[in-house]
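A.B. asks: Could you look at this predicted model? Sequence included:
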Amino acid sequence: MDSLTARRARLDAVMEARGDWPERSPWIREAVGRLPRDLFAPDRLWRWDGEAYAPVDRAADPGAWADELYADPDAAAVTQVTDGFATSSLSCQAVVVDMLDSLRPEPGHRVLELGAGTGWNAALVSLRTGADTVTSVEVDASLAAAARARLADRAPGVRVLVGDGAHGLPGHAPYDRVVAAYAVDRVPWAWVAQTAPGGRIVTPWGRLGHVALTVADDGRSASGWIQGLAQFMPARAAGATTGQADQTGQTGFGAVRAGVPRESERPWTRDLAPLRDDWDLVFALRVALPELRFTVDADGLSARVHDGVSSWAVLAAPDGRSAVAQQGGPRRLADELDRAWAAWTETGSPSRFDHGLTVTPDRQYAWAVDAETGPRWTLG
């Protein structure tokens, strides 16, 4: 058994042991077996070495290259780096499988993909829906050309066009299924307008998970539940590639704090570890305070919070007991975080899967527990 074959088999077995292969969609496992991810990977991948992305070339070190693709079901392989930032990747296999299961494509469905990347996802979908049913839009002309070349041999019916995915592709609408390969904070209304009533839209949302929306019978709204938890790259237009901005396009904590003095200090009574370990809490806080970014130290004794603009907070418990919150800027981020945390607890600590999203032509809102009666958070 050659190296790639062995790695494919090992990853398949790990996913089987974890229950990652969906029983209701056996076609996905078959499709991944027929079109494994290495067939769509470029010869140069990129590995984070702790300080920067370093190239991993297939010709120079085929084992390391294969490891980037098959080391872990939850690991994406970075396929493009621009000005030191990762700008495209081959999504981790577990998330690709989960999103395809959420999409629920059927034979004959017309599918629009936003973000062709390497072409792998579109190829898998086409095995389910049939030839000439999948169209993919990619903003990066070089990525589109490379994906088109790979698909020519392995899924020749897939069309790859260059364009801004935020606009969808009205000339080929309506679609039965729409799937995005990058994260959005607001779902473009064009995606809903171009999807047939009863159709499904699956997209990474909020950079922490993906949501599956069903278009209403009258075509005037789409609503659905969070399906899974994972981090995704943002739309290319939303990401920064230079300066002191992070991958979300926000200024980093250090730059925000450097220009804003400490203005208040208060006791902090909550254990900080859940901000690091409880993904249901983290997701709920992202919904309630989407512009906030926070990191927690490995020991769980301190955290840094900022809004990417002009406000920051440091939560610290150096002795593990008497924690304090220091804050600066026009907003009191520790106070806001505390209130959002309390509200989540008071509503029964709903999980990420208890949250959903509703999109209409003039507004969007997230909700918890019940789309009609549960708490809501207007987006944007």
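C.D. replies: Arrived safely, thanks for sending. Note that the structure is a prediction, hence the values are computed from the model and not measured.
A.B. asks: I'd like to know which elements the strand of greatest length in the chain is packed against.
C.D. replies: Ranked by residue count under DSSP state E, the longest strand found in the chain is strand 195-205. Here strand 195-205 is seen to pack against helix 93-103, strand 175-180, helix 189-193, strand 209-215, strand 222-229 when contacts are counted using 3 or more CB pairs under 8 Å, 6 or more residues apart in numbering; DSSP states H and E. (C-beta placed from N, C-alpha, C; glycine too.)
A.B. asks: Touching it from outside, list them.
C.D. replies: Here strand 195-205 makes contact (CB atoms under 8 Å, 6 or more residues apart in numbering) with 99, 102-104, 114, 173-185, 187, 191-192, 210-219, 222, 224, 226-227, 230, 232, 357.
A.B. asks: mind redoing it with 6 Å?
C.D. replies: By CB atoms under 6 Å, 6 or more residues apart in numbering, the residues outside strand 195-205 that reach it are 99, 102-103, 174-180, 183, 191, 210-215, 217, 219, 232.
A.B. asks: Ok, stretch 101-120 next?
C.D. replies: Here stretch 101-120 makes contact (CB under 6 Å, 6+ apart) with 22, 25, 37, 40, 88, 90, 122, 125, 128-130, 133-138, 144, 147, 150-151, 160, 165, 169, 175-182, 202, 212, 227.
A.B. asks: Buried ones among those residues?
C.D. replies: Neighbour-count burial (16 or more other CB atoms under 10 Å) is assigned, among these, to 25, 37, 40, 88, 90, 122, 125, 128-130, 133-138, 144, 147, 150-151, 160, 165, 169, 175-182, 202, 212, 227.
A.B. asks: among these, which are in helices?
C.D. replies: With DSSP state H as the criterion, helices contain 122, 125, 128, 129, 144, 147, 150, 151 from among these.
A.B. asks: and which of these is nearest to residue 310?
C.D. replies: In terms of CB to CB, no member of those lies closer to residue 310 than residue 144, at 38.1 Å.
A.B. asks: Give me the distance between the closest one and residue 131.
C.D. replies: Per CB to CB, to the nearest Å, residue 144 is found 20 Å from residue 131.
A.B. asks: Give me the phi and psi for the closest residue in space to residue 90 that isn't next to it in sequence.
C.D. replies: Spatially, and ignoring its direct neighbours in sequence, residue 90 is nearest to residue 77 (4.4 Å; CB to CB, 6 or more residues apart in numbering). Phi and psi for residue 77, reported as degrees, to the nearest 10, are phi -110, psi 120.
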